[in-house]
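Novice: just need the structure, nothing else, for what follows:
(chains A and B)
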Amino acid sequence: MTNSFFPVDRSSVIHRLGPQALINCLKQMILIRQFETRAEAAYQQGKIGGFFHAYTGQEAIQVAAVQALGPNNWYSTSYRCHSLALLLGATPNELMAELYGRETGNAKGRGGSMHFFTERLLGGFGIVTGQVPIATGAAFTLKYQDNRNELSICFLGDGAVPQGAFHESLNLASLWDLPCIYVIENNKWGMGTPVSKAVCVPRLAEDKAPGYNMKGYTFDGMDFFNCLGGFLHLREEVLTQQRPVLVEVITERFKGHSISDPGLYRSKECLKEIMQADPITRFEQILLQEGVINEQDVKEWEKEARASVVEAMDYAEKSPWPSVLTLEEGVFS
Amino acid sequence: MTGKQTIDIRDAIRQAMDEEMTRDATVFVMGEEVGEYNGAYKVTKGMLDKWGPKRIIDTPISELGFAGLCIGAAMTGLRPIVEFMSFNFSFVAADQLISNAIKMYYMSGGRFKVPIVFRGPNGSAAQVSSQHSHCVEAIYGNLPGWKIVAPSNAYDAKGLMKTAIRDDNPVLFLESELMYGDKMEIPTQEYLIPFGKAQIVTAGKDITLVTHGRMVTICKEVVKELARKGVQAELIDLRTIKPVDIATVAASVKKTGRCVLVEEGHIFAGIAAEVGFQIMTHCFDYLDAPLERVCQMETPMPYSKVLEKETLPNVERVLASVHKTLNTQ
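Specialist: Okay, the predicted model is just below:
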């Protein structure tokens, strides 16, 4: 059975958000793209080490999710976490400084690319599916505190679906009526293994969810409006019903799994075709058609985003290294 | 007004949890069979009736799920007590314990603390064979971020459990199935025991015995046996394995010049190896004999009671090591 996307009426989304929110969302997508692009360049220059997983190509999903669900929730994600940290209020400066391993970094230079945090972002988790029980626990806390105004939102990749922690978490969340939205960002590849060789059903949410007595949805991750309309619906549903839901968002990873992955498992033609469906270009074109923005605006915002990321790189470069005297501090609270 | 009560270890742990749940509404207990069944070893007996299902939470057989869930709950403002029916089952949840619970505070640059207690029986019981008899303290103790305690009596169990629940870090609280029924007179009024303080169980001048958990019982017999022969052994119960109270141990070894380390777990890279090395560092010039270790031998736990007794440290094996150290036999 093939996926059919959750039905969303684009014009009603445009109407509901209004021009300013739409412009903000586009600017966020542009900033994320610029951040990843520049940080990758810094990595190639040897400024950044370790693993590095870019969110490039998937921007529409988390921008729409945070816009629709609001920042006052618990959020968790995988190691592909730069975007969510930016959206939840971390500055390009502190994130770039973290990538550079500096004292001024988001986690004082102790976390790195895979471990970004904010007041409401529980991480940046480096082990596939490691965040899924954690997000379930955040939803448990909300229920324990009788807080019916907030949600726990867990982003995970398609590669997390075959893991045991996925199964146990969803079972517990459903068993105990926890207000958690599990968002599978299906970028079709778990490192170099296609999802068809990893998961025994074709529809990751709609085929899996019934087994957990949960509702399953599929969104088009390349279409901001489909994601936004979908997440608005989920916010209403989960807050009202106090039941978890499982969502699959079909998307594309424009880069390798990580920066060290040359992506030899997919052809250049294939990648070129995929990149035709760039979610930022698509979003821009619709906003142009609708007269919300003009082409000059986009150029200006790209310039602004680039400038802020370049400034962040400068900030990181000039930031002090952590003092080695602090090495053993902060193991314990 | 100081009252006294005679209770066993399971009652002591329950009292500690009960008192802390009264004190702090964010404390709850979660685990397999902790509620309706009243606990596989009755540690949580009566707690569901008293506190209800919101705070005494039965789980499916899903250690990875509920241990991870509780770590997430700890990160977001609650103080979970997770019961592992046996610490052997913690291995199913190991990724959550190792990659999340003990790393989170450091790798988040101090943003998220994880106040959580994992408790349950550790080590061997009675003929439960290869997969249900592990001692986990050396396995987890190799990793920074844990506080690890192993009480050997009801007084310590209560005082250390209260400290564990109030600690803002992940704590492994290691109990023994064979000791739950051990009774002791303890105060009725509230008390806490700080982490990192070893206990001198019996004072002596001839040799130091260092141990923890259930092996304290074995070593007490050894001390009695030695006393009959005129040897005064000093027995130290570590109580807290991490952080270890090396000051108390070193002071004793400097006095006696001889030491045998006794550990229920395996010999290779064990707690005895670590403490022994620290003794060497601190007491090198005071040692009159090489350190000796009596640990579990390098076999999976056999089922047959004859073999089980032999692979574990026992009075005979400890005595033999003591005599070797004293050069008396």
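Novice: which bits of the stretch 201-333 of chain A sit near chain B?
Specialist: Residues of the stretch 201-333 of chain A found near chain B, taking C-beta under 8 Å from any C-beta of the partner chain as the criterion, are A:Gly330, A:Val331, A:Phe332, A:Ser333. Using the backbone N, CA and C atoms, a C-beta is placed for each residue, glycine as well.
Novice: does B:Met107 touch A:Met114 like I think?
Specialist: No: between B:Met107 and A:Met114 no contact is recorded; they are 9.1 Å apart, counting by C-beta atoms under 8 Å.
Novice: comparing these two, which residue is more hemmed in?
Specialist: B:Met107 (26 against 21; other C-beta atoms under 10 Å in any protein chain shown).
Novice: which stretches of the stretch 51-200 of chain B form helices?
Specialist: For the stretch 51-200 of chain B, the helices defined by DSSP state H, counting those that start in this stretch occupy B:63-75, B:94-95, B:104-107, B:137-141, B:154-166.
Novice: about what we covered before: neighbour count for the residues of the stretch 201-333 of chain A next to chain B - can I get that in JSON lines?
Specialist: Compiled in JSON lines, these are given as follows (neighbours: other C-beta atoms under 10 Å in any protein chain shown):
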{"residue": "A:Gly330", "neighbour count": "16"}
{"residue": "A:Val331", "neighbour count": "14"}
{"residue": "A:Phe332", "neighbour count": "18"}
{"residue": "A:Ser333", "neighbour count": "15"}
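Novice: now the residue lying closest to A:Phe254 once chain neighbours are set aside: which helix or strand?
Specialist: Setting aside the residues directly before and after it, A:Phe254 is nearest to A:Gly57 in space (C-beta to C-beta, 6 or more residues apart in numbering or on different chains), at 3.5 Å. For A:Gly57, there is no host helix or strand (DSSP states H and E).
Novice: contacts only, for A:Gly57.
Specialist: Taking C-beta atoms under 8 Å, 6 or more residues apart in numbering or on different chains as the criterion, A:Gly57 is in contact with A:Asn187, A:Thr251, A:Glu252, A:Arg253, A:Phe254, A:Lys255, A:Ile274, A:Met275, A:Asp278, A:Pro279.
Novice: list just the nearest of those residues to chain B.
Specialist: Taking C-beta to the nearest C-beta as the measure, A:Asn187 is the one of the contacts of A:Gly57 closest to chain B, at 22.8 Å.
Novice: leaving out the residues flanking it, which one is nearest to the closest one?
Specialist: Closest residue to A:Asn187 in three dimensions, ignoring its sequence neighbours and counting by C-beta to C-beta, 6+ apart: A:Arg253, at 3.9 Å.
Novice: quick check: the one you found vs A:Gln34, distance?
Specialist: When distances are taken as C-beta to C-beta, to the nearest Å, A:Arg253 and A:Gln34 turn out to be 18 Å apart.
Novice: what ranges does chain A have for its helices?
Specialist: In chain order, chain A shows helices spanning A:10-44, A:59-69, A:82-87, A:92-99, A:131-144, A:164-175, A:224-241, A:268-275, A:279-289, A:295-318, with DSSP state H as the criterion.
Novice: the fifth one vs chain B: in contact?
Specialist: Yes: contact check for helix A:131-144 against chain B, using C-beta under 8 Å from any C-beta: residues in range are A:Val132, A:Pro133, A:Ile134, A:Ala135, A:Thr136, A:Gly137, A:Ala138, A:Phe140, A:Thr141, A:Leu142, A:Tyr144.
Novice: for chain A, which element, helix or strand, carries the lowest mean pLDDT?
Specialist: The least trusted helix or strand in chain A, going by mean pLDDT, DSSP states H and E, turns out to be helix A:268-275, with a mean of 90.
Novice: dump the C-alpha coordinates for that helix into PDB.
Specialist: What follows is the C-alpha trace of helix A:268-275 in PDB, where atoms were taken according to Å, rounded to 0.1, in the frame of the first residue of the first chain:
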ATOM      1  CA  LYS A 268      24.400  11.500  -8.900                       C
ATOM      2  CA  GLU A 269      21.400  11.500 -11.200                       C
ATOM      3  CA  CYS A 270      19.200  10.200  -8.400                       C
ATOM      4  CA  LEU A 271      20.500  12.900  -6.000                       C
ATOM      5  CA  LYS A 272      20.100  15.600  -8.600                       C
ATOM      6  CA  GLU A 273      16.500  14.600  -9.100                       C
ATOM      7  CA  ILE A 274      15.900  14.500  -5.400                       C
ATOM      8  CA  MET A 275      17.200  18.000  -5.000                       C
END
